[in-house]
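A.B. asks: Fold the following.
(one chain, ligands or ions: 2)
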Amino acid sequence: MSVWALLVAAGAGERLGEERPKAFVRLGDLPLLAEPLRRLDESGWVDAVVVAAPPGWEEPAILLAEELSATKVVASVTGGATRAESVRAALAEVPEDALVALVHDAARPLVSDEVVERVLAPLAEGWDGVVPGLPLADTVKRVEGDTVVGTVDRAGLVAAQTPQAFLLPTLRAAYAGDLDGATDCSSLVEARGGRVKVVAGDPRLVKVTTQADLELVASWL
Ligand code: CTP
Ligand code: MG
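C.D. replies: Ligands and ions are numbered 1, 2, ... in the order given. So this is what the prediction gives:
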């Protein structure tokens, strides 16, 4: 099967609060984007990579791929105003005969071959999509303003990470419709009745949101 990785890196990184977009903030000696780009390019499971870059950063993304000799990177497209629109822009670069899409947040730099394998394997068993999930450690409260109105049973909950894997016809159908409110790909597939499996996530796949997250990921490198 041919697996296309869609690496969404087009966010502004407002909560990180740096001048440049999050994907180009320094992690170690290189822009953050270098880490997931190199890892996906080196993965034996991945055949091609499309990057969704912030407006104006399409060329730097390609130059970075060249610097890393990431030869599977076939395109750097302009991302959209939301994550879902960035996924849609990257999806447009995937050829009709490709089988599987692996959608990954550049903001989760430490993607491993093990988790890629875990999300790809169930697609051969009839699942439409697969997401890595982590059980919640904290007690989860429902709140209204500053008032706690309930406690949610966390037994049935996981936090969904990326990479998320989908059969391409399923993902294309999901992205043909309304994208409002979608914070991950799976939610759009679920909304159309797709069967999505959850597999073990990885605590090292934390999403870099704040400076503290950036320091944590840098310490793990
Ligand atoms: N993303 C994207 N296009 C957008 C928004 C987000 O490709 N318009 C990507 C980000 O680059 C990131 C992933 O989606 O890899 C998850 O988004 P998030 O962590 O929210 O990153 P930012 O939107 O950049 O951060 P912030 O919300 O703090 O601005
Ligand atoms: Mg965001």
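A.B. asks: Every contact and neighbour count from this point should use C-alpha atoms.
C.D. replies: Will do.
A.B. asks: Which strand residues bridge residue 165?
C.D. replies: With DSSP bridges as the criterion, residue 165 is bridged to residue 102, residue 130.
A.B. asks: if I look at it, how far off is ligand 1?
C.D. replies: According to Cα to the nearest ligand atom, to the nearest Å, residue 165 and ligand 1 sit 15 Å apart.
A.B. asks: pLDDT score for that residue?
C.D. replies: We have a pLDDT of 98 for residue 165.
A.B. asks: Below-threshold pLDDT in this protein: ranges please.
C.D. replies: Low-confidence segments of the chain (pLDDT under 70): 1.
A.B. asks: Give the residue farthest from the middle of it.
C.D. replies: Here the chain reaches farthest from its C-alpha mean at residue 147, the gap being 32.9 Å by Cα atoms, centre = their mean.
A.B. asks: So what sits opposite that residue in the bridge?
C.D. replies: With DSSP bridges as the criterion, residue 147 is bridged to residue 144.
A.B. asks: From here on, call the first residue 15.
C.D. replies: That works, and once the first residue is 15, the last one we named lands at residue 161.
A.B. asks: do you know how far it is from residue 150?
C.D. replies: In this view, residue 161 and residue 150 are 21 Å apart by Cα to Cα, to the nearest Å.
A.B. asks: list the helices and strands the strand or helix carrying residue 51 packs on?
C.D. replies: Using DSSP states H and E, residue 51 maps to helix 48-56. With contacts taken as 3 or more Cα pairs under 8 Å, 6 or more residues apart in numbering; DSSP states H and E, helix 48-56 sits against strand 62-67, helix 72-81.
A.B. asks: can you map out the strands along this structure?
C.D. replies: Using DSSP state E, the strands of the chain run over 17-22, 40-41, 44-45, 62-67, 87-92, 114-119, 143-149, 154-158, 161-166, 172-174, 178-181, 210-214.
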